[in-house]
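Visitor: Predicted structure and sequence below. I'll ask about it afterward.
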Amino acid sequence: MATPPNRPAVAGKPAAAKQGQQGFVYLPLIAGWLVPGAGHFLLGKWGRGALLAVSILAMFIMGLAMQGKLYTSAQDILDLLGVAGDLGSGIFYIVGRAAGWGSQPVQTTIADYGTKFIVVAGLLNVIAAVDAHNLRTGRKS
Amino acid sequence: MFHPSHFTAVLLFALCASTVFGITMRDTPPKMVRYGAYCFVLFVGSAILLSWVMFLIAR
């Protein structure tokens, strides 16, 4: 008598879970860094991804609208930290640099706040991308 | 261009940062909302408190 093949305990669920685990493990991390929320979109977390994208993009755009500065060169350690923070915005930093956004010198208090908005938007995007990676690896549900 | 008041800038900053903190630091939507609201209150509350402290020091 032939023995039945091994089957998953709950039909469908392990297969669906395995399907989500296929592919390049760092893809949500990289996509989330390049485009805010994209890492969560790749994992099917549409609501979370949309909220993250709106929050991070709103901060970046408000920073530019407040005449904040995009850091371009690292003359000292604070500038280097500013560049590192700005780089967290991924493709928006690259586009901003190419388009010449945020290139004017900071002359008002609000413009200084805008510069901080841009840096923090980048740092928040890094947190969001790491969160997408944790979802991908199963460290977070 | 966008020229918010200082307090409006605090509110906008706190709103965006709290949203990201809530989503990334907790697992379930109710906990996310609660933690996001907690962070928002702490951001705005600490800004108001420090503003009063600086005002009293400057007098």
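Guide: Yep, that arrived. No experiment lies behind these values; they were computed from the predicted model shown. Residues are numbered from 1 along each chain as shown, chains lettered A, B, ... in the order given.

Visitor: which residues touch the residue in chain A that chain B sits nearest to?
Guide: Across chain A, the shortest distance to chain B (C-beta to the nearest C-beta) belongs to residue A:65, at 3.6 Å. For every residue, glycine as well, the C-beta is placed using N, CA and C. Residues in contact with residue A:65 (C-beta atoms under 8 Å, 6 or more residues apart in numbering or on different chains) are A:114, B:1-2.

Visitor: Recalculate using a threshold of 10 Å.
Guide: A:110, A:114, A:117, B:1-4 (C-beta atoms under 10 Å, 6 or more residues apart in numbering or on different chains).

Visitor: Mind telling me what element the closest residue to residue A:62 other than its chain neighbours is part of?
Guide: The shortest distance from residue A:62 to any non-neighbouring residue, by C-beta to C-beta, 6 or more residues apart in numbering or on different chains, is to residue A:117 (5.5 Å). Taking DSSP states H and E as the definition, residue A:117 sits inside helix A:109-137.

Visitor: most surrounded residue in the contacts of residue A:65?
Guide: residue A:114 (27 neighbours; other C-beta atoms under 10 Å in any protein chain shown).

Visitor: is it true that it touches residue B:2?
Guide: Yes. In terms of C-beta atoms under 10 Å, residue A:114 counts as a neighbour of residue B:2; the distance is 8.1 Å.
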